[in-house]
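Participant: got a predicted structure plus its sequence, pasted below:
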Amino acid sequence: MPNTAQQGGGAPGLLLPVLAGAVLGPTLQLQQPMLWSAWVYAAFGLAALVTLAWAAIKMRASGRRALLALLAALALTAATCGLRAQWFAASALQTQLR
């Protein structure tokens, strides 16, 4: 069985944009002054996941593909960070009980 990592198989050139998006996504979400609804984060996450899969499978290697992967990873990680923040905010103590 050939080693596809040495031959450049799989999704070449997407690792760096996806990792950059994974760092920038939570950074972007932390800049929000207030949280959105959970369904907004879920919609962004689902759309980003589909877009990232499409970019990895269907598109040829190009700068547009790398940019699309970066933006999709950014949206996906921002959405998961937002959903996690929503979950923590829902389980927080009320101010009267503190």
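Facilitator: Structure received. Here the structure is a predicted model, which is why all the values come from computation and not from measurement. Residues are numbered from 1 along each chain as shown.
Participant: okay, CA-based contacts and neighbour counts for the rest of this
Facilitator: Will do.
Participant: after the helix or strand of the chain with the lowest mean pLDDT comes which helix or strand?
Facilitator: Ranking every helix and strand in the chain by mean pLDDT, DSSP states H and E puts helix 4-7 at the bottom, with a mean of 48. Moving toward the C-terminus from helix 4-7, the next helix or strand (DSSP states H and E) is helix 15-30.
Participant: buried sites along that following helix?
Facilitator: By neighbour count on 16 or more other Cα atoms under 10 Å, the buried set for helix 15-30 is 17, 18, 21, 22, 24, 25, 26, 29.
Participant: next helix or strand past it?
Facilitator: Following helix 15-30 toward the C-terminus (DSSP H and E): helix 38-57.
Participant: let's test this: mean pLDDT of that following helix, rounded?
Facilitator: On average, the pLDDT along helix 38-57 is 93.
Participant: quick one: the helix or strand just after it to helix 15-30, angle?
Facilitator: Sequence order places helix 63-90 as the next helix or strand after helix 38-57, per DSSP H and E. Helix 63-90 and helix 15-30 are oriented at 40 degrees to each other (axes from the mean of the first three to the mean of the last three Cα atoms, to 10 degrees).
Participant: for helix 63-90, name the packing helices and strands.
Facilitator: Applying 3 or more Cα pairs under 8 Å, 6 or more residues apart in numbering; DSSP states H and E, one finds that helix 63-90 makes contact with helix 15-30, helix 38-57.
Participant: show me what the first one is packed up against.
Facilitator: Using 3+ Cα pairs under 8 Å, 6+ apart as the contact criterion, the secondary-structure elements in contact with helix 15-30 are helix 63-90.
Participant: where does the prediction get shaky in the protein?
Facilitator: With pLDDT under 70 as the threshold, the chain has low-confidence stretches at 1-12, 98.
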